[in-house]
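Visitor: Return atomic coordinates for the entry below.
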Amino acid sequence: MESEPTRVMVAVNESSIKGYPHASISSKKAFEWTLKKIVKSNTSGFKLLLLHAQVQDEDGSKEVVLIMNWEPGFDDMDSIYASPDDFRNMRERNKANGLHLLEFFVNKCHEIGVRCEAWIRKGDPTEVICHEVRRVRPDFLVVGSRGLGPFQKVFVGTVSEFCVKHAECPVIIIKRSAEESPQDPADD
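Guide: The predicted structure follows:
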């Protein structure tokens, strides 16, 4: 009897650097750290739950925009497969919904054979992440951190610190290195 995989939620977000429509430095670092230090070569022992918390629209909608699953060797008709072809077919019409962000992370999982689910929720990232932790009950949560100083935290806030205090599971925070920081540390 095969045991259930360890479910690791990784919170991901888009870069705040103008003209850079890719994963943020911090979320990419958290994802890569999870693969290198947690998953390692035991790809069948883990399932990554990739959550993108999108800032809420002006209309206040909070619905789930897109859910994707990818599991090697399974043919589940209730799922949209998260394969590179799925993204090529949907890329243009869904770019505004953050699909390109999830595509990056799901492609990496697909390349190395790690099962994953990826979805987008609209709303305040602190509330969305903690709500989704309660809803899907991962074994633990991995979030990136920009490494802001105390003065910057007052004005920008920190999602990672909020998650440590309020998420209902263990939380691992991965800081970006000084070499990875843009000129303005609030950028990511």
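Visitor: what's the lengthiest helix in the chain packed up against?
Guide: Within the chain, and with DSSP state H defining each element, the longest helix by residue count is helix 99-112. Using 3 or more CB pairs under 8 Å, 6 or more residues apart in numbering; DSSP states H and E as the contact criterion, the elements in contact with helix 99-112 are strand 6-12, helix 25-33, strand 46-54, strand 64-70, helix 84-94, strand 115-122. Glycine gets a C-beta too; all of them are placed from N, C-alpha and C.
Visitor: Mind doing that once more with 6 Å?
Guide: Counting contacts by 3 or more CB pairs under 6 Å, 6 or more residues apart in numbering; DSSP states H and E, the secondary-structure elements packed against helix 99-112 are strand 46-54, strand 115-122.
Visitor: Make a markdown table from these and add mean neighbour count to it.
Guide: Supplementary listing: these in a markdown table, determined by neighbours: other CB atoms under 10 Å:
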| stretch | mean neighbour count |
| --- | --- |
| strand 46-54 | 23 |
| strand 115-122 | 22 |
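Visitor: Count the neighbours of Glu14 for me.
Guide: Other residues lying near Glu14 total 18 when counted by other CB atoms under 10 Å.
Visitor: no wait, Arg7
Guide: Other residues within reach of Arg7, judged by other CB under 10 Å, total 17.
Visitor: For it, give the beta-bridge partners.
Guide: Bridge pairing for Arg7 (DSSP bridges) gives the partners Lys47.
Visitor: ok, it touching Phe140?
Guide: No - between Arg7 and Phe140 no contact is recorded; they are 8.5 Å apart, counting by CB atoms under 6 Å.
Visitor: Contact partners for Glu32?
Guide: Counting by CB atoms under 6 Å, 6 or more residues apart in numbering, Glu32 touches no other residue.
Visitor: go on, Arg176?
Guide: Ile25, Ser26, Lys29.
Visitor: So which of those residues is the closest to His166?
Guide: When the contacts of Arg176 are compared for distance to His166 (CB to CB), Ser26 wins out at 18.7 Å.
Visitor: tell me, how many neighbours does the closest residue to that closest one other than its chain neighbours end up with?
Guide: Spatial nearest neighbour of Ser26, excluding adjacent residues (CB to CB, 6 or more residues apart in numbering): Gly144 at 2.8 Å. The number of residues packed near Gly144 is 27, by other CB under 10 Å.
Visitor: same check, this time on Lys37
Guide: The number of residues packed near Lys37 is 11, by other CB under 10 Å.
Visitor: so how far is His166 from it?
Guide: Here the distance between Lys37 and His166 works out to 24 Å (CB to CB, to the nearest Å).
Visitor: do the same with Asn42
Guide: Asn42 is 30 Å from His166, where distance means CB to CB.
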